[in-house]
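K.L.:
coordinates for the following, if possible.
(chains A and B)
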Amino acid sequence: MNKEKIIEVKNLYAAYDEVVVLSDVSFSANKGEVTVILGGSGSGKTTVLNHLLGLLPIERGSLFVLGKDISRMREDEQVALYLQMGVFYQNGGLLNSLTVAENVGLPLAQHTNLTPELIDEIVFMKLGLVNLQHAFYLYPSQLSGGMLKRAALARAIVMDPPVLFFDEPGAGLDPVSLEALDRLILNLKNKLGVSIFMVTHEVSSILRVADRIVFLDNGVVAFEGPIREALHSTQPAVNEFFSVMKNENVRELLG
Amino acid sequence: MEGSVMSLSGELTVGEAAEFTRKVMKFSREMEQKKLVFDLSSLTHIDSAGVMALYYLRKKLGEKQIVTDLEGASSSVTDKIRLFYPGEEVEIHPLRRPAFFEDLGAQTHHFFSSYVLGFILLASNIFYWGITDVFNRRARRKGEFINQSVLIGANAVFIVVFLTFVIGYVLALHSAGQLRAFGANIFVVDVVVFSIMSQMGPLITAILVAGRSGSAIAAEIATMKVTAELDALKTMGLNPNRFVIVPKLYACMLTMPFLIVFANVAGILGGGLAAYVYLDITPEIFINRMADIMQNKDLLTALVKSQVYAALIVLTGSFYGLRVEKGAEGVGKVTTVAVVVSITLVILADSILGVIFY
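P.N.:
Prediction:
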């Protein structure tokens, strides 16, 4: 079955001050799926994400997001592409000088002609989706870590983007909040058909939401394929990672 | 091969390691055998520093062809040694220092390619958006300009007025003695008005704004960068320069001339007060003389200076804010550098403009 590709990375190379992080990375992500990028600390997951978001200059390789080559793009084309992408940052990335509502409504206020009243209505609805309506008038500094993440998620989905990027959404969340977040992610995928690209370490989260796994090791893709195949992969690094995962799950079940 | 035996008892931890290595090294200089055995049977406790001391001694004595051996360790001590003892020789290369001229060349190249060029690129980007957004209401962030004007301008009024008043007063006070000796009391007005209007007013204001707002701008932008707020803006399709820096530039360029006017008035008032107290120059005489010597050029100079200083302060603060490296420490560092550099640039610009408008 040939699925439509939403992200395609070909031969990506990246280095920080002569330390090579990605030597030759190629993979793709399908439309309507949750693709999780995995790998040990320092394996370059976040570097891949930042390249896809156009936050780092591309030295070598080509990247396509929604069929558009982001390595050669004019600023206006880039802005048009950004409007179709929602990004969830690890620490929220909310502007501290604005209230939660202003933060969530910012893309609408800046990119559309909607009236402020209508924007407020939309923001209220989106905050409802993440169960954060009571924080409408609060500032980010007044929120807890979990609330910040939910507010950031509301902002990421405020423009109804067809593709969402998550940078470690579960980091620092308790298991209950994490499960709620995962349920939300699955809802976005199943009900709205949103394609999701995610960097995460959270074992339980991966098992719950992931459709496809891209495993980075030593600057290359060690494994790429459906989660079911990943669990039985014989590739040593992948096998090791998932055996740790399975053990943890057993321990979780045993309490 | 028979060797010397050294018995260790009690503890070998971070507290004893230094003394222990010193003693063993001293002993090794006097010993004749080529083997040294550490008897660990009475050693009750060892920590990582102790293990590393044993490792270090083995290496050092090995260089003198003395073989070392460990014997009789209890199981808990053995476990610790197994845990901490390095498995393989790790060679640490010293950092290669480039030759003087190579280093000088590299630093100079880095300065021009990274700082000078970077500053020029940022400045052109900011001015481009600054100019186009004047005519584009929608692109501007609502309320941000007023907000920044209050922060950069209005909140600085008190300190600017207070300091220039004191400077004007002191300036007149110091001139008073000299002028009185020559019977040239009235010229105190010239001294005060000239120096305040063309130099002190604009310069002191700029230095205060650089210290207050230059640092605030650098810290704010650096924090936004560290917490990924700038990345978030970019991926929402908003240009961070345009969204964050341009309103600050507008605010600073608009409020700076007013601040300088306040500074000039306060400085002249301070000078007038000193002239009245020490030289018996009444306000009427002061004002009449002032009207004679003041020129429109002085106001124009102050206006031009205010715009140059404002642009320098905002650009320097933003430039260093954007250059922040990871973490809170980086924010503090760039803030300090931003203030020092913006004050230096303001003083340099003052000298250049002083020559131009002489």
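
K.L.:
can you read off the pLDDT for the residue most central in space within chain A?
P.N.:
By CA atoms, centre = their mean, chain A has its centre lying nearest to A:Phe166, at 1.6 Å. Turning to A:Phe166, the model gives it a pLDDT of 93.

K.L.:
try B:Asp39
P.N.:
So, for B:Asp39, pLDDT stands at 87.

K.L.:
so what's the gap between the one helix or strand it maps to and the chain middle?
P.N.:
For B:Asp39, the host element (DSSP states H and E) is strand B:35-46. For strand B:35-46, the separation from the chain centroid amounts to 52 Å (computed by CA atoms, centre = their mean, to the nearest Å).

K.L.:
who does that strand pair up with?
P.N.:
Strand B:35-46 has the following sheet partners, assigned by DSSP bridges: strand B:4-12 (parallel), strand B:67-71 (parallel).

K.L.:
low-confidence regions, the chain specifically.
P.N.:
No chain in the question, so chain A it is. Low-confidence segments of chain A (pLDDT under 70): A:1-2, A:245-255.

K.L.:
if you could check chain B rather than the one you did, that'd help
P.N.:
B:1-2, B:88-95.

K.L.:
report the residue ranges of every domain in it.
P.N.:
Annotated domains of chain B cover B:4-84, B:125-357 [automatic domain parsing].

K.L.:
returning to that earlier point: CA atoms only: put the strand holding B:Asp39 into PDB for me.
P.N.:
Extracted in PDB, the C-alpha atoms of strand B:35-46 (Å, rounded to 0.1, in the frame of the first residue of the first chain):
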ATOM      1  CA  LYS B  35      57.500  -4.100  43.700                       C
ATOM      2  CA  LEU B  36      55.100  -2.600  46.100                       C
ATOM      3  CA  VAL B  37      52.200  -4.500  47.500                       C
ATOM      4  CA  PHE B  38      49.200  -2.700  49.100                       C
ATOM      5  CA  ASP B  39      47.700  -4.900  51.800                       C
ATOM      6  CA  LEU B  40      44.100  -3.900  52.000                       C
ATOM      7  CA  SER B  41      43.000  -6.600  54.500                       C
ATOM      8  CA  SER B  42      42.400  -4.100  57.300                       C
ATOM      9  CA  LEU B  43      40.800  -1.500  55.100                       C
ATOM     10  CA  THR B  44      37.200  -1.000  56.100                       C
ATOM     11  CA  HIS B  45      36.000   1.600  53.600                       C
ATOM     12  CA  ILE B  46      37.100   3.000  50.400                       C
END
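
K.L.:
okay, buried residues for the following helix or strand past that strand please.
P.N.:
For strand B:35-46, the following helix or strand on the C-terminal side (DSSP H and E) is helix B:48-63. Neighbour counts over helix B:48-63 (16 or more other CB atoms under 10 Å in any protein chain shown) mark B:Ala49, B:Gly50, B:Val51, B:Met52, B:Ala53, B:Leu54, B:Leu57, B:Arg58, B:Leu61 as buried. Using the backbone N, CA and C atoms, a C-beta is placed for each residue, glycine as well.

K.L.:
now do helix B:48-63 against strand B:4-12, angle only.
P.N.:
Note on geometry: by axes from the mean of the first three to the mean of the last three CA atoms, to 10 degrees, helix B:48-63 and strand B:4-12 are set 160 degrees apart in direction.

K.L.:
residues in contact with helix B:48-63?
P.N.:
Under the contact criterion CB atoms under 8 Å, 6 or more residues apart in numbering or on different chains, helix B:48-63 has outside partners B:11-14, B:16-17, B:20-21, B:24-25, B:28, B:36, B:38, B:67-68, B:70, B:80-81, B:83-86.

K.L.:
distance from it to the middle of the chain?
P.N.:
Going by CA atoms, centre = their mean, where helix B:48-63 is centred and where its chain is centred differ by 43 Å.

K.L.:
between the buried residues of helix B:48-63, which is closest to B:Gly143?
P.N.:
B:Ala49 (59.0 Å; CB to CB).

K.L.:
how close does that closest one sit to chain A?
P.N.:
27 Å (CB to the nearest CB, to the nearest Å).

K.L.:
and the stretch 51-200 of chain A, which residues reach chain B?
P.N.:
Residues of the stretch 51-200 of chain A found near chain B (CB under 8 Å from any CB of the partner chain) are A:53-55, A:75, A:78-80, A:82-83, A:85, A:87, A:89-96, A:106-107, A:109-111, A:155.

K.L.:
are any of those buried, and if so which?
P.N.:
Buried members of these, counted by 16+ other CB under 10 Å: A:53-54, A:78-79, A:82-83, A:85, A:87, A:89-95, A:106-107, A:109, A:111, A:155.

K.L.:
so which residues of the stretch 51-200 of chain B form helices?
P.N.:
Ranges of helices in the stretch 51-200 of chain B, per DSSP state H, counting those that start in this stretch, are B:75-84, B:100-110, B:117-134, B:144-152, B:157-181, B:188-194.

K.L.:
what's the closest of the ones you listed to B:Leu238?
P.N.:
helix B:117-134 (11.5 Å).

K.L.:
how far does that closest one sit from its chain's centre?
P.N.:
Relative to its chain's centre, helix B:117-134 lies at 24 Å (CA atoms, centre = their mean).

K.L.:
tell me the helices and strands packed up against it.
P.N.:
The contact analysis (3 or more CB pairs under 8 Å, 6 or more residues apart in numbering or on different chains; DSSP states H and E) places helix B:117-134 against helix B:246-279, helix B:296-322.

K.L.:
residues of the next helix or strand after the last one that come out buried?
P.N.:
Translated: helix B:296-322. Note on helix B:296-322: by DSSP H and E, the next helix or strand toward the C-terminus is helix B:327-356. Going by neighbour count (16+ other CB under 10 Å), the buried part of helix B:327-356 is B:330-331, B:333-335, B:338-339, B:341-343, B:345-346, B:349-350, B:353.

K.L.:
next, give me the two most distant ones among the buried residues of helix B:48-63.
P.N.:
Pairwise distances across the buried residues of helix B:48-63 (CB to CB) peak at 18.3 Å, for the pair B:Ala49 and B:Leu61.
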